[in-house]
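> here is my input, please return the structure:
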Amino acid sequence: MSLLQVQSPVYKEIKSVYRCHFQLQYLLSDETVTFRMNFSEEHDTKTVKSLIQHFESDLPEHSNVSVWRNQQNELSDICRQENSSVEPSLSSCSITQKGCAALISALRSNPSHLTELNLNYNEPGDSGMKLLSAVLNDSHCKLQKLQLRYCSIEEEGCTALILALKSNPSHLRELNLSFNKPGDSGVKQLSSLLEDQLCKLEKLHLSSCGIMQKGCAALISALRTNPSHLRELNLNGNKPGNSGVKLLSALLKDSRCKLEKLLLSDCSIGEEGCAALISAMRSNPSHLTELDLSNNKQGKSRVKLLSALLEDPLCKLEKLQLCNCSIGEKGCAALILALKSNPSHLRELNLSYNKPGDSGVKLLSALLEDPQCKLEKLQLWNCSIGEEGCAALISALR
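Coordinates of the predicted model:
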């Protein structure tokens, strides 16, 4: 269910929206009629949500969701089998509170084998989360991955869920609550979970959860008390503010911190916060392999600091996302010159919706010609590249 085949009229409408909103570039990988429901990036919340809602209104005639609904009892029976070891992926199945209740009731009768549960893009709501909490409370529950993106969960449901995880924290490795509304109490409970020395969480996704400066500060303060397990942190579309980013910087400086993937797109990070963040990464650069600072304005001083990070031989960044960062010709040139001095690690670079100019593109072309360059994915959407720049790029790729 992670990939759904879309009929032509719906696809045309998606493409129309796609042309108008650059953030949707991640939703379509090419000109095929495939629409990926498991988004790799999270940016324009309103645009994505309205698109999903429109798409789901046409879903029954374009997918086999009805088959899933008809086989819900069969799935429940599978979950009840004592020797069953399943990882249900029910993403985008239009499951409501009633359907979730049936599934979770079945899981309660046999919780020990389930290691992964994906309910992304369904509507279990707070009542569904309360039922799921009973499963998580069970000492036999061995759940390691829990995906609840876009599940209409609000403060009460998030609080119940995280309280349950606190009672049995040692198994969970991955939690995705993106595009829900945990509220202050939910964030407070989550912070308390992260502080627990028994908590072994490695991946935490909280994109567009309405978490403001105070909530971000609480989360990051909690991670500082127990920093050695987390490998992936997604705070895209929240508002940590400079104070939250400074706390995050202190976490990154900690020698115990093993963070490999940090996503901070559309976080309204100011110059002061960005400077603190990049300075921290320079002091402990060897672990971080993916950084997303898209949709944050990178001034001249910030680009200079980022360039210094990329020049560091200890820097192991493999993926760098700088989409729509207001980087001009000089800034792009500085970044690319830095990459030329340390070219062997970077595998993916996104400079879309910036203005590298022909001089920046020529430098980029020289980077691509370097035999030490291992770049596999290069995104330059809407970069106003002229004929001369395109010719240099194509020549380098040949």
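
> as a check, name the ranges of all strands in the stretch 251-398 of the chain.
261-263, 290-292, 319-321, 348-350, 377-379 (DSSP state E, counting those that start in this stretch).

> please read the previous query as pertaining to the stretch 51-200 of the chain.
116-118, 145-147, 174-176.

> which stretches of the stretch 1-150 of the chain have low pLDDT?
Confidence mapping of the stretch 1-150 of the chain against pLDDT under 70 gives the ranges 1-89.

> can I get the strands of the stretch 251-398 of the chain in JSON lines including mean neighbour count, distance to K142 and mean pLDDT?
For glycine as for every other residue, the C-beta is placed from the backbone atoms N, C-alpha and C. As requested, the strands of the stretch 251-398 of the chain are arranged in JSON lines below (neighbours: other Cβ atoms under 10 Å; distance: least, Cβ to Cβ, whole Å; pLDDT from 0 to 100):
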{"stretch": "strand 261-263", "mean neighbour count": "20", "distance to K142": "25", "mean pLDDT": "97"}
{"stretch": "strand 290-292", "mean neighbour count": "21", "distance to K142": "28", "mean pLDDT": "96"}
{"stretch": "strand 319-321", "mean neighbour count": "21", "distance to K142": "31", "mean pLDDT": "96"}
{"stretch": "strand 348-350", "mean neighbour count": "20", "distance to K142": "34", "mean pLDDT": "97"}
{"stretch": "strand 377-379", "mean neighbour count": "14", "distance to K142": "36", "mean pLDDT": "95"}
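
> switch those strands over to a markdown table; also include distance to S359.
Listed next are these as a markdown table, based on distance: least, Cβ to Cβ, whole Å:
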| stretch | distance to S359 |
| --- | --- |
| strand 261-263 | 30 |
| strand 290-292 | 25 |
| strand 319-321 | 20 |
| strand 348-350 | 17 |
| strand 377-379 | 17 |
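
> tell me the buried residues in stretch 245-258?
245-254, 257-258 (16 or more other Cβ atoms under 10 Å).

> same check on stretch 142-159?
143, 145-153, 155-159.

> again with stretch 317-331
Neighbour count says stretch 317-331 has 317-325, 327, 330-331 buried, by 16+ other Cβ under 10 Å.

> what segments of the stretch 101-250 of the chain are helices?
Under the criterion DSSP state H, counting those that start in this stretch, the stretch 101-250 of the chain contains helices at 125-137, 155-167, 183-195, 213-225, 241-253.

> let's have those in JSON lines, adding distance to G299.
JSON lines is the format used below for the helices of the stretch 101-250 of the chain (distance: least, Cβ to Cβ, whole Å):
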{"stretch": "helix 125-137", "distance to G299": "42"}
{"stretch": "helix 155-167", "distance to G299": "36"}
{"stretch": "helix 183-195", "distance to G299": "30"}
{"stretch": "helix 213-225", "distance to G299": "21"}
{"stretch": "helix 241-253", "distance to G299": "14"}
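
> nearest to C274, of these?
Taking Cβ to Cβ, helix 241-253 is the member of the helices of the stretch 101-250 of the chain nearest to C274, at 7.3 Å.

> counting by contacts, list what that closest one packs against.
helix 213-225, helix 271-283 (3 or more Cβ pairs under 8 Å, 6 or more residues apart in numbering; DSSP states H and E).
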